[in-house]
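[1] Sequence unavailable; structure follows:
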């Protein structure tokens, strides 16, 4: 008698505009990072990378502009006229909870490799260890490739198709706020 095992049907990786798969990964900084917990506080920028030097340029690029992601909700930021989709309050009145979270999802065999990357580049954002590449695969990021995506508060995913080195942080910030954008009210 032969026993058959049912295989789960393979699901296609999410595309822009679709719901991002939730995940939980260990953080190099300690503890677990849960995507749904972070998006409850604001948009999340995900950088999918390998542990090697091929990821340095993308990670450095995000590091250079880390402060801009933290200022998304401040009054002096150029997008402060935008409103939170759920509360309809301006981001400037929400305060630090509107800041975007940045997380590097590092595919590596050992946590030490991800930690070394974080230490070497002195990254100011979350560095997550994707040991088996399960999360990267779930998102459709092939081994050896880098990719950047934004997950909105409602879980909607936006991919960037341009190579990482040509991405301008303004494009990512705009994606973080894209659906909240409204026309500024005309003064009477």
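    Yep, that arrived. From a predicted model like this one, the values you see are computed outputs, not experimental measurements.
[2] Worst mean pLDDT across the helices and strands of the chain, which element?
    helix 91-94 (a mean of 43; mean pLDDT, DSSP states H and E).
[3] mind listing the helices for this structure?
    35-39, 56-64, 66-70, 91-94, 111-121, 134-138, 169-177 (DSSP state H).
[4] helices or strands up against the third one?
    By that I understand helix 66-70. Helices and strands touching helix 66-70, by 3 or more Cβ pairs under 8 Å, 6 or more residues apart in numbering; DSSP states H and E, are strand 101-107, helix 169-177. Placement of C-beta: from N, CA and C, glycine included.
[5] which stretch in the ones you listed has the least confidence?
    Lowest mean pLDDT within these: helix 169-177, at a mean of 65.
[6] what about residue 121, distance to residue 56?
    7 Å (Cβ to Cβ, to the nearest Å).
[7] Under the pLDDT cut-off, which ranges of the protein? List them.
    1-10, 71-98, 161-170, 173-188 (pLDDT under 70).
[8] Now do the closest residue to residue 24 other than its chain neighbours: how many residues are near it, please.
    In this structure, residue 24 finds its nearest non-sequential neighbour in residue 34, 4.8 Å apart by Cβ to Cβ, 6 or more residues apart in numbering. Residue 34: 13 surrounding residues under other Cβ atoms under 10 Å.
[9] didn't residue 34 look like it was pressed against residue 40?
    No - Residue 34 is not in contact with residue 40 according to Cβ atoms under 8 Å; the separation is 9.3 Å.
[10] about what we covered before: so which of the helices of the chain gets nearest residue 155?
    For the helices of the chain, the distance to residue 155 is smallest for helix 35-39, at 6.3 Å, taking Cβ to Cβ.
[11] which outside residues touch that closest one?
    With Cβ atoms under 8 Å, 6 or more residues apart in numbering as the test, helix 35-39 has contacts from 20, 22, 23, 24, 44, 101, 103, 151, 152, 153, 154, 155.
[12] hmm, try it at 10 Å
    20-25, 44, 46, 100-101, 103, 105, 126, 128, 135, 151-156 (Cβ atoms under 10 Å, 6 or more residues apart in numbering).
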